[in-house]
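Q: dropping a prediction and its sequence here:
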Amino acid sequence: MDQDFVPIRQFQAKQSTIPGAGTGLFTTRELLINQPLFIAFAPRGDNRQLHNQYNQISKAEGNLKPVFEAEYQQCYPNDFINHSEQPNCESIWDGDYIVVRAIKVIAPGEELFKDYRHTMELIEVRGFVMVDDFLNF
């Protein structure tokens, strides 16, 4: 992966503009279209206990595909981006990583949004299933 990411200090986690959504992620500087922002999910490495835990849950539900949460961990500050059907950023695969990039110009002080359904599609295309359903909001 050969990306120039935005320094993490250029983002702030604070009260979301969506009522009841809790914390959101905001930028302190202008972000440009297609600009890579940060790593959203990174390979977890060898954690047998976690792999076994998730795989048992998955098999109990009748899934035979590898479990995404067992293989990948979410990275800060991705966990603060809220869902919107009119997103200003998206997740993309970059090698073994999922990276967040801007899909439109985002002004300083603006909240970042992703369409979570797109992220789910990315994960499924690579042959994973998810045990934790983050689409229930």
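A: Happy to help now that I have it.
Q: which residues touch the longest strand along the chain?
A: Looking across the chain with DSSP state E, the single longest strand is strand 36-43. Strand 36-43 has contacts (CB atoms under 8 Å, 6 or more residues apart in numbering) with 3-6, 8, 11, 31, 71-75, 77-78, 89, 91, 94, 96-102, 112, 119. For glycine as for every other residue, the C-beta is placed from the backbone atoms N, C-alpha and C.
Q: tell me which of these fall in strands.
A: Using DSSP E, the contacts of strand 36-43 in strands are 11, 72-74, 89, 91, 94, 97-102.
Q: which two among these are spaced furthest apart?
A: Maximum pairwise distance in those, criterion CB to CB, is 23.0 Å, between 73 and 102.
Q: who's more crowded, those two?
A: Using other CB atoms under 10 Å as the criterion, residue 73 and residue 102 rank with residue 102 on top: 21 against 13.
Q: quick one: neighbours of the residue nearest to residue 128 when sequence neighbours are not counted, just the number.
A: Once flanking residues are discounted, residue 128 sits nearest to residue 68: 3.9 Å by CB to CB, 6 or more residues apart in numbering. Neighbour count of residue 68, defined by other CB under 10 Å: 23.
Q: so residue 68 versus residue 16, what's the distance?
A: Using CB to CB, to the nearest Å, we find residue 68 at a distance of 25 Å from residue 16.
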